[in-house]
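J.: please work out how this folds:
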Amino acid sequence: MKTQGKSKRTSTGSIYHARRKKRKYEMGREILRTKLGEKEVMKKMNCRGGNKKFRLTVTRTANVFDPKTKKISKAKVTNVIENQADTHFVRRNIITKGAIIETEKGKAKVTSRPSQDGTLNATLI
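T.: Numbering: from 1, shown residues only. Sure thing, here's the model as predicted:
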């Protein structure tokens, strides 16, 4: 089980002897990276407190906000231009928050977290 709890090693490098087991609220998940593709795929996850989280795995469209006209419109994403999270994400067309994407309306910066929000929102630059 992936965990976000305490490390197994101390700061000096010796093994830390845990006094208790792992707890469910410390549980983590594998990283899901949103890719650029043809079919939109959403994954429904159960979260803490009985909540639901929709994770976007593959997408082709984005909700683009135009700051000049103050309107939101749907646009087709053609390419990932820049991603500061990882330089290799550009080559693999992986979209994260802060990535700059090429849409049919122009260049846009991603403002949402598609792997956690379930939507791809961006602002024109």
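J.: only C-alpha atoms for contact and neighbour calcs from this point on.
T.: Will do.
J.: indicate each strand paired with the helix or strand of the chain with the lowest mean pLDDT and its parallel or antiparallel sense.
T.: Taking mean pLDDT, DSSP states H and E as the measure, the chain has strand 41-46 as its least confident helix or strand, at a mean of 83. The pairing partners recorded for strand 41-46 under DSSP bridges are strand 52-59 (antiparallel).
J.: where exactly do the helices run in the protein?
T.: For the chain, the helices defined by DSSP state H occupy 88-92, 114-117.
J.: most packed of those helices?
T.: Each of those was scored by mean neighbour count; the highest is helix 114-117, a mean of 20, by mean count of other C-alpha atoms under 10 Å.
J.: pipe the helices of the chain into CSV and attach distance to residue 38 per row.
T.: Output for the helices of the chain, formatted as CSV (distance: least, C-alpha to C-alpha, whole Å):
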stretch, distance to residue 38
helix 88-92, 15
helix 114-117, 16
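J.: of the ones you listed, which is nearest residue 107?
T.: The minimum distance between residue 107 and these falls on helix 88-92, with 14.4 Å, by C-alpha to C-alpha.
J.: quick one on the thing from earlier: what comes up buried for the least confident helix or strand of the chain?
T.: Going by neighbour count (16 or more other C-alpha atoms under 10 Å), the buried part of strand 41-46 is 41-42.
J.: need phi/psi at residue 120.
T.: The phi/psi pair for residue 120 (degrees, to the nearest 10) reads phi -110, psi 100.
J.: isn't it up against residue 65?
T.: No: between residue 120 and residue 65 there is no contact, the gap being 11.2 Å when judged by C-alpha atoms under 8 Å.
J.: between those two, who's got more neighbours?
T.: Using other C-alpha atoms under 10 Å as the criterion, residue 120 and residue 65 rank with residue 120 on top: 24 against 21.
J.: residues contacting the more buried one?
T.: Going by C-alpha atoms under 8 Å, 6 or more residues apart in numbering, residue 120 touches 61-63, 110-114.
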